[in-house]
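Student: build me a model from this:
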Amino acid sequence: MTETIFLGIESSCDDTAAAVVAGDRRILSSVVSSQSDLHADFGGVVPEIAARAHAERLDLVVEQALREAGLGLDALTGIAVTAGPGLIGGVMAGVMCAKGIAAGTGLPLVGVNHLAGHALTPRLTDGVGYPYLMLLVSGGHCQFLRVDGPDAFTRLGGTIDDAPGEAFDKVAKLLALPQPGGPHVEAEAAGGDPARIPLPRPLLDRPGCDMSFSGLKTAVLRARDALIAGHGGLRAADRRDLCAAFQRAVAEVLAEKTRRALALSPVPVIAVAGGVAANGPIRAALERVAAEAGARFLAPPLRLCTDNGAMIAWAGIERFRMGHRDDMTLSARPRWPLDQAAAPMLGSGKRGAKA
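Tutor: Predicted structure coming up:
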């Protein structure tokens with residue numbers, strides 16, 4: 001039997017990525033072109049700049065991924081591409097690139113949900129069996145999912161407003177730290193006192209696994225303003241303590257909600273994925289909760305926590321094995337909930353309910 005080898009293309013936010021992955025879970029190559037330098041001066045990702053950068057870089061990262069894998073297009077079994085959710089300009093650029101390759105080679109095309117790529121990463125890295133519990137925690141998403149198959153996801157809870165990664169970025173901006181905010185807040189927090197400045201733990205007083213981080217971000221703003229008023233400016237120690245207090249609050253909320261999710265759906269494995277999964281104290285808090293529940297804790301290598309093409313290639317392989325194929329009508333989707341039966345999340349503001 002011919003070995004299954006997929007090219008995966010990811011362009012849903014501000015990383016242009018491509019990877020080649022084999023059906024036996026070997027990552028033959030993984031190339032990520034970061035756009036951090038393009039967005040640094042704006043305090044966040046600018047969709048128009050991101051879309052243009054994806055269009056300029058996609059063919060280059062695909063070529064590099066194939067070169068590093070030592071393979072040509074004729075060695076591939078199929079093409080997997082993120083078809084949503086994400087910034088629509090970037091998703092469209094990736095989908096059109098994948099369609100072009102598929103049309104030129106005759107290779108099968110498989111559209112992948114970006115969130116499914118993260119959710120299936122434990123299958124790629126550790127070969128875990130179904131079912132397992134997944135906490136997706138990133139700049140744009142935060143939800144608990146019971147994973148029963150490549151297309152079988154049950155949402156147990158999620159954020160009703162900001163995602164944790166978004167809150168990290170906004171707190172970093174409030175404290176004049178560089179973007180992306182997560183690593184810089186974590187570095188500052190390492191030298192701070194998390195107990196000095198009291199901050200809320202949103203929604204812990206309510207049952208269930210839903211979360212909220214918008215109010216926590218606002219509490220940091222008010223604490224910052226109070227410190228500035230009291231000292232005539234924000235001292236370095238104040239900034240470190242604010243970061244430490246904020247990081248601990250996020251970790252404690254995620255830990256308690258994970259405890260509830262494991263109680264609601266007992267499974268042998270709890271996994272975490274997404275950019276915020278790279279945060280050391282948050283990982284440690286989640287690992288303690290898993291140990292308390294007698295569950296195995298899994299976190300992917302740091303390079304697979306953030307957006308990458310390998311997770312898309314693997315999700316494409318899993319869907320391909322189920323018989324899924326797409327054609328040239330595959331469209332980019334800005335919203336694409338994994339759990340189609342769950343009600344939309346509330347509290348997303350003027351643009352409507354979060355998917």
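Student: now the strands for the stretch 201-350 of the chain?
Tutor: Taking DSSP state E, counting those that start in this stretch as the criterion, the stretch 201-350 of the chain carries its strands at 269-273, 296-298.
Student: the first one: how far from the chain's middle?
Tutor: Put plainly, it is strand 269-273. 13 Å (Cα atoms, centre = their mean, to the nearest Å).
Student: and what of the shortest one?
Tutor: Put simply, strand 296-298 sits 18 Å off its chain's centre (Cα atoms, centre = their mean).
Student: mean pLDDT per helix and strand in the chain: which one sits at the bottom?
Tutor: Lowest on mean pLDDT, DSSP states H and E among the helices and strands of the chain sits helix 36-39, with a mean of 72.
Student: same for that one, what does it pack against?
Tutor: Applying 3 or more Cβ pairs under 8 Å, 6 or more residues apart in numbering; DSSP states H and E, we find helix 36-39 packed against helix 47-69. From N, CA and C alone the C-beta is placed, and that goes for glycine too.
Student: export the helix it packs on to PDB, keeping only CA atoms.
Tutor: Extracted in PDB, the C-alpha atoms of helix 47-69 (Å, rounded to 0.1, in the frame of the first residue of the first chain):
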ATOM      1  CA  PRO A  47      -6.300  41.800   8.800                       C
ATOM      2  CA  GLU A  48      -5.500  43.600   5.500                       C
ATOM      3  CA  ILE A  49      -1.700  43.400   6.200                       C
ATOM      4  CA  ALA A  50      -2.000  39.800   7.200                       C
ATOM      5  CA  ALA A  51      -4.000  38.800   4.000                       C
ATOM      6  CA  ARG A  52      -1.400  40.500   1.700                       C
ATOM      7  CA  ALA A  53       1.500  38.900   3.500                       C
ATOM      8  CA  HIS A  54      -0.100  35.500   3.200                       C
ATOM      9  CA  ALA A  55      -0.600  36.000  -0.500                       C
ATOM     10  CA  GLU A  56       3.000  36.900  -0.900                       C
ATOM     11  CA  ARG A  57       4.500  34.100   1.200                       C
ATOM     12  CA  LEU A  58       2.300  31.000   0.700                       C
ATOM     13  CA  ASP A  59       4.000  29.700  -2.400                       C
ATOM     14  CA  LEU A  60       7.400  30.300  -0.800                       C
ATOM     15  CA  VAL A  61       6.600  28.300   2.400                       C
ATOM     16  CA  VAL A  62       5.000  25.500   0.400                       C
ATOM     17  CA  GLU A  63       8.100  25.300  -1.700                       C
ATOM     18  CA  GLN A  64      10.400  25.300   1.300                       C
ATOM     19  CA  ALA A  65       8.300  22.600   3.100                       C
ATOM     20  CA  LEU A  66       8.500  20.300   0.100                       C
ATOM     21  CA  ARG A  67      12.300  21.000  -0.200                       C
ATOM     22  CA  GLU A  68      12.900  20.200   3.500                       C
ATOM     23  CA  ALA A  69      10.900  17.000   3.200                       C
END
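Student: report the buried residues of the longest helix along the chain.
Tutor: If you go by DSSP state H, the chain has its longest helix at helix 236-264. Residues of helix 236-264 classed as buried by neighbour count (16 or more other Cβ atoms under 10 Å): 238-262.
Student: give me the below-cutoff pLDDT ranges for the protein.
Tutor: Filtered on pLDDT under 70, the chain yields the residue ranges 1, 40-41, 43-44, 139, 345-355.
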